[in-house]
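Novice: Sequence and computational prediction follow.
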Amino acid sequence: PGRRGDPPSYPNFRDQGGKYWDSRRHANTLERDLKGLKVRYIRPDKQKREWRCNKVMESARNLKFEHEGKKITVEAYFKNAYKFKLEFPLLPCLHLGSPQKNFYIPAELCEMKTQA
């Protein structure tokens, strides 16, 4: 065991709102496992979509994109567009769908699709 307050050796990334997620340490491994696989995105309104994963991105709290002429975080977009408060805003987003489009989905709204 480490010092008090150190993250666990094998963290559950959802613990404490995702504070143990460290993009520098974990993103490449997760991306290697997910890239090209089908991921199901369950929207806050319960509609489901399926796309291939392109890349693991920054957290929903930090990742910004252009929406209606303004920069907005993914977390703020879901709050405004869907009236949905993310439970784990510190976990990464996944870049799904066309690599040319900026379609970033919080990991907490995704699940793995059975791969054929």
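Specialist: Arrived safely, thanks for sending.
Novice: Settle this for me: residue 115 is touching residue 34, isn't it.
Specialist: No - applying Cβ atoms under 8 Å, one finds residue 115 not in contact with residue 34, separated by 10.9 Å. From N, CA and C alone the C-beta is placed, and that goes for glycine too.
Novice: Neighbour count for the two, which is higher?
Specialist: The residue with more neighbours, out of residue 115 and residue 34, is residue 34; 20 against 7, by other Cβ atoms under 10 Å.
Novice: mind listing what the more buried one touches?
Specialist: Contacts were defined as Cβ atoms under 8 Å, 6 or more residues apart in numbering; by that measure residue 34 touches 53, 56, 94.
Novice: And the pLDDT for the first one?
Specialist: This means residue 53. pLDDT for residue 53: 95.
Novice: That one in helix, strand or coil?
Specialist: Put simply, residue 53 is strand when judged by DSSP: H, G, I helix; E, B strand; the rest coil.
Novice: does residue 59 have beta-bridge partners, and which?
Specialist: For residue 59, the beta-bridge partners under DSSP bridges are residue 92.
Novice: list the contacts for it?
Specialist: Residues near residue 59 by Cβ under 8 Å, 6+ apart: 18, 21, 23, 89-93.
Novice: Next one: the spatially most central residue of the chain from residue 23, what distance?
Specialist: The geometric centre of the chain, computed from its C-alpha atoms, lies nearest to residue 93 (Cα atoms, centre = their mean), at 2.3 Å. Note on residue 93: its distance to residue 23, by Cβ to Cβ, to the nearest Å, is 11 Å.
Novice: what touches both of these two?
Specialist: In contact with both residue 93 and residue 23: 56, 58-59, using Cβ under 8 Å, 6+ apart.
Novice: Can you tell me which of those is closest to residue 67?
Specialist: Closest approach to residue 67 among the shared contacts of residue 93 and residue 23 (Cβ to Cβ): residue 58, at 16.0 Å.
Novice: Please name the nearest non-neighbouring residue to residue 61.
Specialist: Counting by Cβ to Cβ, 6 or more residues apart in numbering, residue 61 lies nearest to residue 89, which is 4.2 Å off, once chain neighbours are set aside.
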